[in-house]
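Colleague: Dropping a prediction and its sequence here:
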Amino acid sequence: MLLKVPSGIRYLIEDGCRIVYSRSAEHEDGDVSLFLLGSAWAALCYQRGLIPLHASAVYIDGKVHAFTGRPGAGKSTLAAALSARGHPFFTDDVLIIDPARLSPDPLCFTGQKDLKLWRDAIELTGAARGVPVRSVAGFDKHYATPTNPTGAVAGVMASLVVLREGGRNSEPEITPIRGAPAINALRRAVYRPIFAEKILGNRALWQGLAGLAGKVQVMRFTRRMMPDEFDSGVAFMARWIEAHD
């Protein structure tokens, strides 16, 4: 697969084992690594028969609790905040599933070990701010180090939580998603779905997601996304995870 991004950087992904990139002198390292560890890495996973999910996650006693949702839903921020509360950070943005290793327990693997957070999210979570994600003026998103990382690269996937913003008067709530809606929720969490369709194929993708849906708890977490409600939402999710384990 040849991936060409608008900035002019190109990535050749071959045989599920090699990525070669082409850049010019004006391209910053951060711009190269952003797509290398995101879209190009996802394509390589699909070539190997793996399914990357667009999710961030924490790790507790060998079990992985993952968070997904639309862009801006707060999956990275929630993982960072839970890490600060003692629930070790596992991965940001990409969580990798192997459809061939769902039994007896569904194994999952890390993608990125650095967080990518906006400045206000760094302040909320206490993560250590690093270099900017992109060398674009006014783009105030940075790589960040969580306060409580784990060195683990694999774990048993216990839950996938879909993040949803609640109404002004709603209270934090977590509810199960079952059956076909659970499979559809997993489908919406697939990272770069067009890559999945073209490389892995729809049949293999849906079979893998159906197998995963039968092994993990798929949940919906609804909460108000306001700064003064942030701590209570994190505490609610922390209690649910602790009760789950």
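Modeller: Sure, I can see it.
Colleague: which stretches of this protein aren't confidently modelled?
Modeller: Low-confidence regions of the chain, defined by pLDDT under 70, span residues 245.
Colleague: Quick check: what element follows the top strand by length along it along the chain?
Modeller: Longest strand in the chain by number of residues (criterion: DSSP state E): strand 154-165. Using DSSP states H and E, the helix or strand that follows strand 154-165 in sequence is strand 173-177.
Colleague: Between strand 173-177 and the helix or strand that that next one is followed by, find me the angle.
Modeller: Next helix or strand after strand 173-177 toward the C-terminus (DSSP H and E): helix 180-188. Relative orientation of helix 180-188 and strand 173-177, computed by axes from the mean of the first three to the mean of the last three CA atoms, to 10 degrees: 100 degrees.
Colleague: what about helix 180-188, distance to the chain center?
Modeller: 16 Å (CA atoms, centre = their mean, to the nearest Å).
Colleague: got it, and stretch 200-211?
Modeller: 19 Å.
Colleague: residues of that stretch that come out buried?
Modeller: Leu200, Leu205, Gly208, Leu209, Gly211 (16 or more other CB atoms under 10 Å). Any C-beta I mention is one placed from the backbone N, CA and C, and that applies to glycine too.
Colleague: Quick check, central residue of the protein?
Modeller: Ala55 (2.0 Å; CA atoms, centre = their mean).
Colleague: Adjacent strands (with direction) for the longest strand of the chain?
Modeller: strand 63-68 (parallel), strand 107-112 (antiparallel), strand 217-223 (parallel) (DSSP bridges).
Colleague: hey, C-alpha coordinates of that strand in CSV?
Modeller: Taking C-alpha atoms only, strand 154-165 is exported to CSV below (Å, rounded to 0.1, in the frame of the first residue of the first chain):
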residue,chain,number,x,y,z
ALA,A,154,-0.5,-7.0,25.9
GLY,A,155,-3.4,-7.8,28.1
VAL,A,156,-6.9,-9.4,28.2
MET,A,157,-9.5,-7.0,26.8
ALA,A,158,-12.2,-6.8,29.4
SER,A,159,-14.4,-3.9,28.2
LEU,A,160,-14.8,-1.3,25.4
VAL,A,161,-16.6,1.8,26.6
VAL,A,162,-18.2,4.2,24.1
LEU,A,163,-18.0,7.8,25.4
ARG,A,164,-21.1,10.0,24.9
GLU,A,165,-21.8,13.5,25.9
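Colleague: Flag every buried residue along it.
Modeller: Buried residues in strand 154-165, counted by 16+ other CB under 10 Å: Ala154, Gly155, Val156, Met157, Ala158, Ser159, Leu160, Val161, Val162, Leu163, Arg164.
Colleague: out of the strands paired with strand 154-165, nearest to Gly38?
Modeller: Closest to Gly38 of those, according to CB to CB: strand 107-112, at 8.1 Å.
Colleague: which residues sit against the closest one?
Modeller: Contacts with strand 107-112, where a contact means CB atoms under 8 Å, 6 or more residues apart in numbering, come from 37, 41, 52, 57, 64, 66, 90-98, 101, 152-157.
Colleague: could you flag which of the residues you listed are buried?
Modeller: The buried subset of these (16+ other CB under 10 Å) comprises 37, 41, 52, 57, 64, 66, 90-98, 154-157.
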